[in-house]
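Q: Below is the structure, and that's it, no one-letter string:
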């Protein structure tokens, strides 16, 4: 009998796998901010071959995701499986001669997303994430309108990692905020159980299709990045805080490319 | 020094109170279903003075709430404080000569909502609640459109209490689904710490203002109600399942009225 | 048909009630510390009639509880119902001519404990609580032995409220640490839904029987109390940190006594 | 600048890694049961080379772990990092000519444990796990004594996967319950992001040192295995239920061995 499944747990049918192979589809509500961290610190958080922007330019992005997978309809059908919240820091720079982003820290609140992320090279950990959900009627929440505030925060092991408030001042036509526009360069790393060298150590990039954004709202932002016991995200605290953003975003991941990292850190 | 605060914990400023006095404002996204339970069982879950509809008519309502309070801006400002999900069963009937609803079981996923609910007479417990969140772009989730499925489920102590899927077939102009239209009749009950008689035992009704609904989507529904160890909600399992609904809803609670329950169960 | 149950939800059998009337039994593992807070601040957190010790003397107590109830065997039988963790601050002082304690802030991680606490007058909120669990064999954890460290922390809404580490230096025969020895004086407060005066506003004390402690371990302590958005516990941050304690503790609550608080704050 | 860390996230210091390389130490409190599942079903859940016992022999093991790591003292020091609960099914059989176990389903309640498990080949998912914690004094819980009941349950996505109650009848000298005695044979599986063949696909076994058990308590057992939406654990429901066990257990993992799985399923 053959055990099947794209990930563990494998079973005779493959239906117990945490998730199926791509394509995966994502529709999200974003609250984000652009900021500058200490440029010397930023330079220590990127892999060889990635040139950070000289000014310490970063973004922090919160996203409330609904996700689906062509090869497992249960992911879209069950909100406890396919929906989750995500919070990540992006360092802006260049990979070779192309604009790129690097994610040194990212938190999510679902097991599927942790495993799907680690497979792609996102360095995911669990966090408790809360985001202002826009409302359309009544006085219970914030609407996507000038003057309204959208707040998002993430905590890990009971300490606040990031707290962001964006107060909308208006819509921006055809603007793609930096935090969501840059192709990301990841490190896929999976240890061996025997010996010292990792079993997988690669630079990887996702293959993205159908990238789409809804109305983009711009605003002013307040940003706090905390000092944690188990994550060094405090190294990348804001020196200056820039634009805030509230928007919808969607895309599909159809696979990815990867190249091994040689022992000296270079890719082939 | 006087300790202040509408609820515990009290402090010199009152700022540690779980919540302030009303008015409270609510904006929510609803997934709901009308169904019929065993009429004899239904009759055992209503208080004296409440006449259930003769056909066992009930609704089950899931709502993703954003809430605010005039007397504490932190509730709207902090999504971890003011936002939460709720899941409740409504028995339909008459209170005196007026249409009314009675909620025998209700689950929420926030401490503020548990306490605010108990104060009003909602018999709240904690549950793990997941609801399909509508999306506007992309392929990651469901849109509010014919053919799209919205699922919601609630579990308590690790057992599935209710699982509902509504598949939209169209919009309904000026329709107020039963589950959200009936004024609710609650029992406020707070034990004494000394002696046997409760310190508070009242029939209560909230004072609702500004009730508003957005576009109402109608659909077919599938409903499962489970058998739990600590809640008897399984007594009210569906015999027949009727209309499903997906809509936005908003209102304010400005206070309430109450009348003591006499020892024979009657109100004054 | 009569609806029964000591608390909501009521049902024909009473079996859906969050909890039954006392007696309740408790067996716990404690990590605690004595400390002094700012004496002027401490004085603002006690009710009329309670005289705080002049030196700002307080304790902070973490407890991992197993609990049972004579009137509902499911509470002992189901660990998800009867077991929970608790974290509370005690202000030491006098109630009339007797030594007493007052709890201005307390966190728990179970719905049963929140409601049972509010009924007694404990000002409970939900927190995420982690405590070093003692081990008896192996190298995975700490043993109750000199040189071993026991840590406990509690977070609320993703911010660290209290972080305590006790490093054991030895056992203390027949010692009852202050934090667990003082009878507590509570305020029972339950709002009305109509009008401004609370429906219940009383000074209350639990009736405790069978108080028992196991071996008491003494040690040095490190204590951090944080600044939170929704709780003013930061007002009671440590000025000096004293003895740390690790012990087992058990008792029963068989009921309580209460006296109304008059509008001028005095009890009758 | 070199990014370091045994797992993601990598950083200049390596201190943000989810966990360090072994050795890892474990001290746990176990509630377990031996049972027989359908033998034909059992045969479909083992890898090539593993011969299941002919009678469908399995165990289900719950464990409340404290864990430590030589290369990161924060794991022992912070209970929110190193402590967690685990629940797993073991199929008994032979790997070549040696007694062995195979774990087709396992749940834990911590991110560290999920990642540490997947690296070793445990097919971990998140679950909500509750276990009766033994008490030493008072009437709040169960003691390790004849007549006392220890219950454990695990739920995933709000459905009860396994519910176990062991009622102690006595101690067993020098008995190693089957569920904790068998060396485990795992499949390490890590997908590629480009192409179809996995990046890692190996049979692996942990290197265990210092295995130790405390007093072993024997008892009668009741066991329920549920039908879940996302895990096929219901395939291995009990046909007959055997001995129940309550014990302490400890060991260290110092590394492991692995051999690639060839495309035909055989190992080299």
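A: Nice, thanks for sending it over. Quick caveat: nothing in here was measured; it's all calculated off a predicted structure.
Q: Next, the most centrally placed residue in chain A: secondary structure please.
A: Central residue of chain A (CA atoms, centre = their mean): residue A:88, 4.6 Å from the mean position. Three-state assignment for residue A:88 (DSSP: H, G, I helix; E, B strand; the rest coil): strand.
Q: Against residue A:170, how distant is residue A:149?
A: 14 Å (CB to CB, to the nearest Å). No exception for glycine: its C-beta is placed from N, CA and C like everyone else's.
Q: Those two: who's more crowded?
A: residue A:149 (17 against 11; other CB atoms under 10 Å in any protein chain shown).
Q: I figured the more buried one hits residue B:78, correct?
A: No: using CB atoms under 8 Å, residue A:149 is not in contact with residue B:78, being 10.6 Å away.
Q: May I have the phi/psi pair for residue A:110?
A: phi -150, psi 150 (degrees, to the nearest 10).
Q: bridging residues for the nearest residue to the residue nearest to the centre of chain A once chain neighbours are set aside?
A: Nearest residue to residue A:88 in three dimensions, chain neighbours excluded: residue A:106, at 3.7 Å (CB to CB, 6 or more residues apart in numbering or on different chains). Legend: beta-bridge partners of residue A:106 under DSSP bridges are residue A:88, residue A:124.
Q: how about residue A:106, what does it touch?
A: A:86-89, A:117, A:122-125, D:9 (CB atoms under 8 Å, 6 or more residues apart in numbering or on different chains).
Q: Also residue A:38?
A: A:56, A:235-237, A:239.
Q: let's see 10 Å
A: Each residue near residue A:38 by CB atoms under 10 Å, 6 or more residues apart in numbering or on different chains is listed here: A:44, A:56, A:235-239.
Q: so the residue lying closest to residue A:128 once chain neighbours are set aside is in which element?
A: Once flanking residues are discounted, residue A:128 sits nearest to residue A:155: 4.7 Å by CB to CB, 6+ apart. Using DSSP states H and E, residue A:155 sits within strand A:149-156.
Q: What mean pLDDT does that strand get?
A: Across strand A:149-156, pLDDT averages out at 98.
Q: same thing with stretch A:197-215?
A: Here the average pLDDT along stretch A:197-215 is 96.
Q: is it anywhere near chain B?
A: Yes: contact of stretch A:197-215 with chain B (CB under 10 Å from any CB of the partner chain) involves A:210-215.
Q: Distance from that stretch to the middle of the chain?
A: 10 Å (CA atoms, centre = their mean, to the nearest Å).
Q: roughly how far is the helix or strand hosting residue A:35 from the heart of the chain?
A: Using DSSP H and E, residue A:35 sits in strand A:24-37. Distance, stretch centre to chain centre, for strand A:24-37: 7 Å (CA atoms, centre = their mean).
Q: just stretch A:182-200 next, same as before
A: Using CA atoms, centre = their mean, the offset of stretch A:182-200 from its chain centre is 18 Å.
Q: residues in contact with the closest residue to residue A:11 other than its chain neighbours?
A: In this structure, residue A:11 finds its nearest non-sequential neighbour in residue D:232, 5.1 Å apart by CB to CB, 6+ apart. Residues in contact with residue D:232 (CB under 10 Å, 6+ apart) are A:9, A:11-16, D:41, D:44-45, D:104-105.
Q: List buried members of those by neighbour count.
A: A:9, A:11-12, A:14-16, D:41, D:44-45, D:104-105 (16 or more other CB atoms under 10 Å in any protein chain shown).
Q: Would you mind measuring the gap between the ends of stretch A:133-150?
A: Terminal residues of stretch A:133-150 lie 8 Å apart, using CA to CA, to the nearest Å.
Q: any bit of that stretch sitting next to chain B?
A: Yes: judged by CB under 10 Å from any CB, stretch A:133-150 comes into contact with chain B through A:133-143, A:149-150.
Q: Let me have those in CSV, extended by secondary structure.
A: What follows is those, written out as CSV (three-state DSSP):
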residue, secondary structure
A:133, coil
A:134, coil
A:135, coil
A:136, coil
A:137, coil
A:138, coil
A:139, coil
A:140, coil
A:141, coil
A:142, coil
A:143, coil
A:149, strand
A:150, strand
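Q: Nearest to chain C: which residue in the stretch 1-150 of chain A?
A: When scored by CB to the nearest CB, the stretch 1-150 of chain A has residue A:128 as its residue closest to chain C, at 5.2 Å.
Q: That residue and residue A:162 touch, don't they?
A: No: checked against CB atoms under 10 Å, the pair residue A:128 and residue A:162 is beyond contact range at 11.6 Å.
Q: shared neighbours, the two?
A: Joint contacts of residue A:128 and residue A:162 (CB under 10 Å, 6+ apart) are A:87, A:107, A:153-156.
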